[in-house]
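# Just to be clear, the model below is a prediction. Sequence and coordinates:
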Amino acid sequence: MKRMLICKKRESFASFAESLNFRTGSAYVWKKCKIFKNKWIDIDRSHMYVGGSRERLRQAAINKLCPPWVENDPGYMPSCTENEFLDEHFSFSELNIALEDKNEKSAPRLDGMGFDIVKKLPIKLKMILLDIFNEMYTL
């Protein structure tokens with residue numbers, strides 16, 4: 001009996017793992033993992049869509065973002081006023097303030113460099129980094 005229960009649990013976990021894809025929410029996965037530990041936890045099945053309900057949900061989301069009664073003119077551009085403060089380049093002191101206010105325990109960026117490394121850069125390299133930021137900002 002115990003062996004059969006273990007086999008059933010293993011099969012259940014295998015089918016669960018096969019059902020996951022990139023659209024499966026992480027909250028659902030963690031709740032499901034908790035269920036494997038404790039059978040009395042309820043689970044939200046809102047991540048599952050059946051047949052045409054996906055298209056219905058998509059259309060409902062579009063209608064919520066842009067209701068049919070709202071005019072949509074693709075040629076319309078709202079007027080914006082220039083703001084000299086926002087158009088100025090970042091200063092070296094602003095870069096240093098931003099680096100000091102950043103949490104040192106935060107995860108590294110996509111390039112793998114943490115903020116602790118950027119903080120310890122020599123002034124010359126910080127100036128180059130500042131020039132790169134200002135160049136990206138003006139594009």
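Thanks, I have it. The shown structure was predicted, so the numbers you read here are calculated from the model rather than taken from an experiment. Residues are numbered from 1 along each chain as shown.

# got the buried residues for stretch 124-139?
By 16 or more other CB atoms under 10 Å, the buried positions in stretch 124-139 come out as 126, 130. Just so you know, the C-beta spots here come from the backbone N, C-alpha and C atoms, and that holds for glycine as well.

# same thing with stretch 107-115?
Phe115.

# what's the first-to-last distance across stretch 86-103?
25 Å (CA to CA, to the nearest Å).

# What are the contacting residues of that stretch?
115, 118-119, 126-127, 129-130, 133-134, 137-138 (CB atoms under 8 Å, 6 or more residues apart in numbering).

# one more time with 6 Å, if that's ok
Contacts to stretch 86-103, defined as CB atoms under 6 Å, 6 or more residues apart in numbering, come from residues 115, 119, 130, 133-134.

# Rounded mean pLDDT for the longest helix along the chain, please.
Using DSSP state H to define each element, the chain has its longest helix at helix 2-19. The average pLDDT for helix 2-19 rounds to 82.

# roughly how far out does that helix sit from the chain middle?
Centroid displacement of helix 2-19 relative to its chain, using CA atoms, centre = their mean, to the nearest Å, is 31 Å.

# In terms of secondary structure, what does that helix contact?
Contacting helix 2-19 under the criterion 3 or more CB pairs under 6 Å, 6 or more residues apart in numbering; DSSP states H and E is no other helix or strand.

# cutoff 10 Å now
The helices and strands touching helix 2-19, judged by 3 or more CB pairs under 10 Å, 6 or more residues apart in numbering; DSSP states H and E, are helix 26-37.

# Now the helix it packs on - C-alpha only, CSV.
Coordinates of each C-alpha in helix 26-37 appear next as CSV, following Å, rounded to 0.1, in the frame of the first residue of the first chain:
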residue,chain,number,x,y,z
SER,A,26,4.9,31.3,-10.0
ALA,A,27,2.2,31.7,-7.3
TYR,A,28,0.4,28.7,-8.7
VAL,A,29,3.5,26.6,-8.7
TRP,A,30,4.4,27.4,-5.1
LYS,A,31,0.8,26.7,-4.0
LYS,A,32,0.9,23.4,-5.8
CYS,A,33,4.2,22.5,-4.2
LYS,A,34,2.7,23.2,-0.8
ILE,A,35,-0.1,20.8,-1.7
PHE,A,36,2.4,18.1,-2.3
LYS,A,37,3.5,18.5,1.3
